[in-house]
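Participant: Quick one, structure for this:
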Amino acid sequence: MIGPMDHAAERIDLAAAFRWLARLDMHESVANHLSVAVSADGKQFLINPRGRHFGRVCASELLLLDARDSATLERPESPDRTAWYLHAHLHAALPRARCVMHVHSRYATALACLQDCTMYPVDMNTMRFFNRVAVDKEFAGMALSHDEGIRVARLLVGGTTVLLMVNHGVLVTGMSVAAAFDELYYFERAARTLLTCYGTGKPLRIVSDSVAAQTQRQWQDYGQLAVDHLDSIKAILDEEEPAYRR
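Facilitator: Numbering: from 1, shown residues only. Predicted coordinates for the structure are as follows:
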């Protein structure tokens, strides 16, 4: 029998990510979803319960779902339908994508609404994503079918961890909660910088491909930044709102 605090480490990390994204104003009402796989094949995963604000998520209330369970949406405590159709297919198709985070954050979404949504390398944060962003150009409404989840999963085959979804938002994956959270955090920061530059009306100072590629490699070799990042967040939450661990 599975208890509410089995997979405690994953639950606590994911709850911390929810709480911090709320502080960063990267949530949207009680929508958007974060999930983390807890089985070797990725098909069993934790995700936020329907209707729960990011700023109130606690570790024990995360739903444990199985991507193979076709009756999931028929249960009283079923997840949000868009969460199921998207995250279940991603975890089933991409076992390497241990954590999946999908949000409609302000700057990433604004970038996704531009005709040219390229993440140009203009500073170190934007260079982190040089040649690493897949773009989903086929927005057709909310993810309310199995077909939509299957389609999005195909866009992430091959190791891509960032999907900019035009007219929609952003989705990132990672080998851990810490990795996915760090990726999402820096993508939002990069989008903010780029859009701030656009707001000046001045031409962008774009670095050469060689410099951008070198900086991107340096990011990859930077050590355990993502782990330190999430550990620091948990330390702050432990002092200020420890209920996230419950």
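Participant: Report the contact partners of Met124.
Facilitator: Residues counted as contacts of Met124 (CB atoms under 8 Å, 6 or more residues apart in numbering) are Thr215, Trp219. (Each C-beta comes from the backbone N, C-alpha and C, glycine too.)
Participant: begin at 32 from here
Facilitator: Yep, numbering from 32; the last one is Met155 now.
Participant: Against Tyr217, how distant is it?
Facilitator: Per CB to CB, to the nearest Å, Met155 is found 9 Å from Tyr217.
Participant: now swap in Arg137 and tell me
Facilitator: Applying CB to CB to Arg137 and Tyr217 gives a distance of 15 Å.
Participant: So which of these two has more stuff around it?
Facilitator: Each of Arg137 and Tyr217 has its neighbours counted (other CB atoms under 10 Å); Tyr217 has more, 21 against 16.
Participant: pretty sure that one is touching Asn156, no?
Facilitator: Yes. Here Tyr217 lies in contact with Asn156, judged by CB atoms under 8 Å, at a distance of 5.6 Å.
Participant: quick one: average pLDDT of stretch 132-147?
Facilitator: Average pLDDT, stretch 132-147: 98.
Participant: Go ahead and name everything in contact with it.
Facilitator: 48, 52, 55-59, 62-66, 117-118, 148, 150, 195-205, 211-212, 215, 218-219, 222-223, 225-226.
Participant: From Leu194, how far off is Glu214?
Facilitator: Relative to Leu194, Glu214 is positioned 11 Å away (CB to CB).
Participant: Spit out the residues that contact the two alike.
Facilitator: Shared contacts of Glu214 and Leu194 (CB under 8 Å, 6+ apart): Val203.
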